[in-house]
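Colleague: sequence plus predicted model, see below.
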Amino acid sequence: MKIKCPACGFKNEEGSNFCSSCNNPLVTTKVSVNKENSNIKKEISNNKEKLI
């Protein structure tokens, strides 16, 4: 997956830390899933009762 530079829009190779075109630092984010939150989501979706 290419990483788009927020400054110039150049599409850089995955794993790049700086833009190959303008040398702007590239920011990548990693999202982690918390198992506890996933379980809560399942409990909420399985709950058939509605609050009024």
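Modeller: Sure, I can see it. Predicted model only: the values in this text are computed from it and were never measured.
Colleague: alpha carbons only for contacts and neighbour counts from here, please
Modeller: OK.
Colleague: buried sites along stretch 20-27?
Modeller: Neighbour-count burial for stretch 20-27, counted by 16 or more other CA atoms under 10 Å, picks out Leu26.
Colleague: can you give me the end-to-end span of that stretch?
Modeller: 14 Å (CA to CA, to the nearest Å).
Colleague: strands along the chain, start to end?
Modeller: In the chain, the strands defined using DSSP state E lie at 3-4, 11-12.
Colleague: give me the contacts around the last one.
Modeller: Right, strand 11-12. 2-5, 19-20 (CA atoms under 8 Å, 6 or more residues apart in numbering).
Colleague: Provide a ChimeraX selection command restricted to the buried entries of those.
Modeller: Burial among these is assessed by 16+ other CA under 10 Å; the matching ChimeraX selection reads:
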select :3,4,5,19
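Colleague: name the nearest residue to Ala7, sequence neighbours excluded.
Modeller: Asn24 (6.9 Å; CA to CA, 6 or more residues apart in numbering).
Colleague: if you could redo that for Ser21, that was the one I meant.
Modeller: Phe10 (6.6 Å).
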